[in-house]
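Participant: No sequence on hand, only this structure:
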């Protein structure tokens, strides 16, 4: 039975792929019919993924009970003596990732039914979701770097398609292109690093690459600097995919996509793939201290950067996006400090609570659209929310659970994982700990700012003055208001019309349907409890997941747990979180401190944060404008210099006298025919004689 | 049914040519008869090709197969000799597929349809002849035979600047083909016995000077065809102005003739010179990739952008050819097949969009996705294939070329690092120009209402069928590359072995052995080989 499970584990990514292909072919050949069978398609896709989920849990169960890792591969490409194989590996890391990805994808798909209910692209959205799940599952079972790269780009493609899902919205169009290109920059590094490692070690297998590289460096066959360079180039891939500084700029813009994919792709799974790749590449990275410290500091800086921007965002999804960047920074930092299990532990807890937070924000947006209409600039702006707890109790409670989890309040999930990261970072470098610790405080502040602004106080959605102010701020010139055909949540147009006439719901948002609230409730359970499996004094998680190199140490370490140290570290992080919460409460709940006054006082700092450290402007000026200018100039050169020069020499040498006359009179056809006839005549004549 | 002696290749080459002769006398009252007739012939020929390859081609052999030789003009040593091997067989099948689909795509030719279909069939024969010829002179005749229909197809059915584009095309390629003739004659008359047989030419040893000059001659001729920088400027004009079916053939098949020629003549017959010139090829390949990508990004005309993207992609073929590794040459071959399919589908879809919008300026086409979601989906698939997305054939070929360069032991490390780095920059630029093309053309709000009625504006089943016929092989190869590579791998291994064998011989003569350094002291590309072949003929 178990052997059967392992032998057919390749079905896990193939099942959603098959579903996506079936629906995709239906869409392209029998578009009308397929679109009419909305629910049937959704049920088909959810069922296939459900089977894959069951499969994944069976494998996880088997792995937890100590089944040894299983690998299978086949030859994929060959050229002469060169062979490249593909296949799958099932080990603790893979089985964990399979379980995370399938559960979240499954719940997001259920949620999608409610959220995208009235969208004309309902079926297409499910097909994309299924395609993404297939790619993501393929990524996590990859046994070698090339296969990772393949699926790495495929998840990027799905992300591209899904960000640009509402293709008639110009912002979405810009965002999806930006996401793909920025990710390509990272993949560029990944490819170069991969080729470098292959050149040095002759392999794409993670363990073999690591062993050989270490051997070569220690024997002096390869300069240590070069090995570090390769490692850092590979790391560029995760930098882009996991939205680390300086390639983090695509993730906030990616929020133009529908909210379910913000939860699935841009919070829980794809962006965490970077962390997963670092984990897979551990045999290569770990023996190179310089690469590890680059990773650690990139993560720490990103954690701070994301948090510092999140505090001033007013768009609920943008705020969560920067919070994701910040949390991914924690994970990358953990990986860089050697806290392998802690990083993956945070990946897991974060996947659950951040997916839930995003789905909550989707529920909020869905409710807000009933009041302010389809405009994402209004429906996602927290300045128009407030007091939603009264109207949307389930959403409010689950959002609060997620907020407490991300702030690191015990016993919620985030506490255990974040605290472990901070504790291990302190052992490596106290400076890293300081950054992480300060960021934890900021995190608590901005998350509770978000919670208070959205769910507490008075509802501001009907305040015409704020609406007018926001509309002006967003698009002063866009007066004619190009109404998108379908918008976020894509509520029933009739329902909206109803609202406009002020029958019911016009001034109050409403709780979302069961298909949306059920996944929220289901995700709240792991957000609350999953951290317990990683209790520092009884760390089941670390027993299961540990770095390939430190199998023995973990067991030894488990025995000697230092309570005082734990309490000091935990106390420090809980303390600063409580300070952050208190400040947020004073500012946004009790109104004792006026946030706008503080913003006035620290105007430059406030603007710096509000404008995202001006990264977009900088990149636009430096990269976008310059590459456009370069392209224009190259084209000029092509027209004037290259074309001109070659044309001229061609003309001078061949067409002299008579030929030129034909050219000018446009009779070259005639000329060419004569040449051709002459050649043919020559052949015919000589063959006859 | 047929014995091995059935002249498959002769049949495949002559069928369209003979059938084309009937077109002028066919009754064509409704204008549909000629169309169906041509399409039937094309499909029959493609089926014949596939059957011949299926039944008689053994992919485990490296040498020529399905060979047939008939003396044609003994006086000048011209033989009608045809055969297939790993280098030509995939391209013959590719030509058959793309030409047939191009004919299916040219459904709405109402201007001089008889002449159009006649020329297409002649072109069909000539393409097959170019790839199947094993006699250098026959190759040259087929090469010339192919130019005239293409010229007329551009000049008569092209866009606004068709005359200019067609003239430029014929001048460049006809002029360049003279270099083939000169080089072929030079090589043929070099030994004791005059021969044009490719196998024999490949066995001979040539004086270094002759070999170098012949190499340069071939390089210019095939370089023009392959759109090698700086001989590429005919291509954007020709591709941009030609009608969609002709663009499909231009990008899908004719570009590959250049790559095929480089493999067949420059590498197989002149390996010693190839060693000397390989670094130049690599550099030109990198220039093609980066330069083509930047100029593509600068274009505002849809088809011209696609044309420049072809220039960029052909750079990979050059790098693969010059990599001296089995992997690299294999990748170059795969890149040709893959680009043939991808470029054909993109040009076809550009034509579909043009038929509806009557413009090729991208900023005039905004927001098409809403009106034609199916075209949008297919165009997206084609663009993603073109930007080397994994799961599509372009990724496999470019990855194998990268691996070929990385594992090449001929070049110095620093040279390889620079080459790989710059070629990989192309990987960043490709999505920039392709995705911005999609964004401008399909995304956003449609500003102008299209003149055609909204019900009939999206892709028709016939058009979807054509696009899928091209995309499915792309995805198939992307998923399992051995589908394609196993058909020619034996041959590329043999070619790689041959050039590698030649390498140490040359290394002794060149004490520096610094292939990594840039041999710009190599004979300039403008050196006319004509003079040399004349002296040799005396």
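Facilitator: In hand now; what should we look at? Treat the numbers as computed from the prediction; the structure is a model and nothing was measured.
Participant: contacts, neighbours, all on C-alpha from now
Facilitator: Will do.
Participant: Distance of whichever residue of chain B sits closest to chain A relative to residue A:585?
Facilitator: Closest contact between chain B and chain A, by C-alpha to the nearest C-alpha, is at residue B:444 (3.9 Å). Note on residue B:444: its distance to residue A:585, by C-alpha to C-alpha, to the nearest Å, is 41 Å.
Participant: again, but for residue A:372
Facilitator: Using C-alpha to C-alpha, residue A:372 is found at 27 Å from residue A:585.
Participant: ok, the two, which is more surrounded?
Facilitator: When neighbours are counted by other C-alpha atoms under 10 Å in any protein chain shown, residue A:372 and residue A:585 differ, and residue A:372 comes out ahead with 25 against 20.
Participant: So, low pLDDT: which residues of chain B?
Facilitator: Scanning chain B for pLDDT under 70 picks out B:1-4, B:30-31, B:447-456, B:504-538.
Participant: Can you pull the residues of the stretch 151-300 of chain A lying near chain B?
Facilitator: Residues of the stretch 151-300 of chain A lying close to chain B by C-alpha under 8 Å from any C-alpha of the partner chain are A:151, A:153-154, A:157, A:167-170, A:173-174, A:177, A:180-181, A:184-185, A:188, A:192, A:195-196, A:198-199.
Participant: if you set the cut-off to 6 Å instead, what comes out?
Facilitator: With C-alpha under 6 Å from any C-alpha of the partner chain as the criterion, the stretch 151-300 of chain A comes near chain B at residues A:167-170, A:173, A:184-185, A:199.
Participant: circling back: count the neighbours of the residue of chain B closest to chain A for me.
Facilitator: By the criterion of other C-alpha under 10 Å, residue B:444 has 23 neighbours.
Participant: Regarding the closest residue to it other than its chain neighbours, what is its secondary structure?
Facilitator: Ranked by C-alpha to C-alpha, 6 or more residues apart in numbering or on different chains and with sequence neighbours excluded, the top spatial neighbour of residue B:444 is residue A:168, at 3.9 Å. Following DSSP: H, G, I helix; E, B strand; the rest coil, residue A:168 is assigned to coil.
Participant: Tell me how many other residues crowd residue A:564.
Facilitator: Per other C-alpha under 10 Å, the neighbour tally for residue A:564 reads 9.
Participant: Which secondary structure element is home to it?
Facilitator: Residue A:564 belongs to helix A:563-588 when assigned by DSSP states H and E.
Participant: contacting residues around whichever helix or strand comes after that helix?
Facilitator: As assigned by DSSP H and E, the chain's next helix or strand after helix A:563-588 is helix A:595-601. By C-alpha atoms under 6 Å, 6 or more residues apart in numbering or on different chains, the surrounding residues in contact with helix A:595-601 are A:587, A:606.
Participant: Ok, stretch B:310-325 next?
Facilitator: Contacting residues not belonging to stretch B:310-325 are listed as B:227, B:278, B:281-282, B:285, B:288-289, B:292-293, B:328-329, B:332, B:401, B:404-405, B:408, B:496 [C-alpha under 6 Å, 6+ apart].
Participant: Mind listing what's buried along stretch B:26-39?
Facilitator: Neighbour-count burial for stretch B:26-39, counted by 16 or more other C-alpha atoms under 10 Å in any protein chain shown, picks out B:34-35, B:37-39.
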